[in-house]
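1. Here is the input, now give the coordinates:
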Amino acid sequence: MLGRLLSIAERYPLRFAVAYGGAKTLAADELVQRYVERRDVVDRRRSAVFLLFGFMQVGFVQYQLYVNIFTRLFPTAATFAAAPLAVKCTDAAGMRNLFKQVGLDQLVYHPFCYFPVFYTCQEVIHSEIADPITLVRNALTAYAPNALDDLKALWKIFVPVSILQFSIMPMHLRVPFTATFGFVWCGVLSFMRGNARREVEFGQQTRN
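-> Okay, here's the model as predicted:
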């Protein structure tokens, strides 16, 4: 079964990344709702936030970043990942590129893209606002007071995961690898922010 999945991931990397990202993110949220929060009825609108976020951000956007963009920025990344550990340890340029990728991922992509998109998905699902500029502004207003706590929680899991991802994974498995570890993270994010609803007039968050 695992071999068949890996074969599909290699033959259809983008489609596999999008499908896997959506399924994993939805499953993590539903597990939190059912078994951590012990809800009798799953909040389907909340599940829709996570499904949309999984397809769009975890699958499509991260594939573009980790495979297409990083391949152009770091042309030797795939070769470095495939090299034996002894060769990696003596490859100074490769090690520098590894930590540049980790830095871009954790200090640029996640603070300025990943979380803003997550909060925007929440706003799209939960609000009645049609104006996209207002949607994004409201999402960023909700994100701002949570940003440091969100990032600290993320870094505890994903700094080590990113180091492994960019040092040993072939390109077509970069997204499935991080998404697999992201199952735990999505549960954390669901528990922290899944019920978050913003009171626009006060710029505060409440809990459902």
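2. Only C-alpha atoms from now on, for both contacts and neighbour counts.
-> Will do.
3. Quick one: the strands in the chain, in order.
-> Along the chain, the stretches classed as strands by DSSP state E are 196-199, 204-207.
4. Would you single out the least confident of those?
-> Mean pLDDT values for these show the minimum at strand 204-207, a mean of 33.
5. So which residue is smack in the middle of this protein?
-> Taking CA atoms, centre = their mean, the centroid of the chain lies closest to Val58, which sits 4.5 Å from it.
6. From Leu26, how far off is that one?
-> Per CA to CA, to the nearest Å, Val58 is found 11 Å from Leu26.
7. And for Phe177?
-> Phe177 is 17 Å from Leu26, by CA to CA.
8. of those two, who's got more company?
-> More crowded of Phe177 and Leu26, by other CA atoms under 10 Å: Leu26, with 25 against 17.
9. these two touch, right, the more buried one and Leu51?
-> Yes - taking contacts as CA atoms under 8 Å, Leu26 lies within contact range of Leu51: 5.0 Å.
10. for the longest helix seen in the chain, packing partners?
-> In the chain, assigned by DSSP state H, the helix with the most residues is helix 147-168. With contacts taken as 3 or more CA pairs under 8 Å, 6 or more residues apart in numbering; DSSP states H and E, helix 147-168 sits against helix 77-82, helix 92-103, helix 174-193.
11. What are the contacting residues of that helix?
-> The contact list for helix 147-168 (CA atoms under 8 Å, 6 or more residues apart in numbering) reads 77, 80-82, 98-99, 101-102, 105-106, 110-111, 174, 177-178, 181, 185.
12. Kind regards, and thank you for your time.
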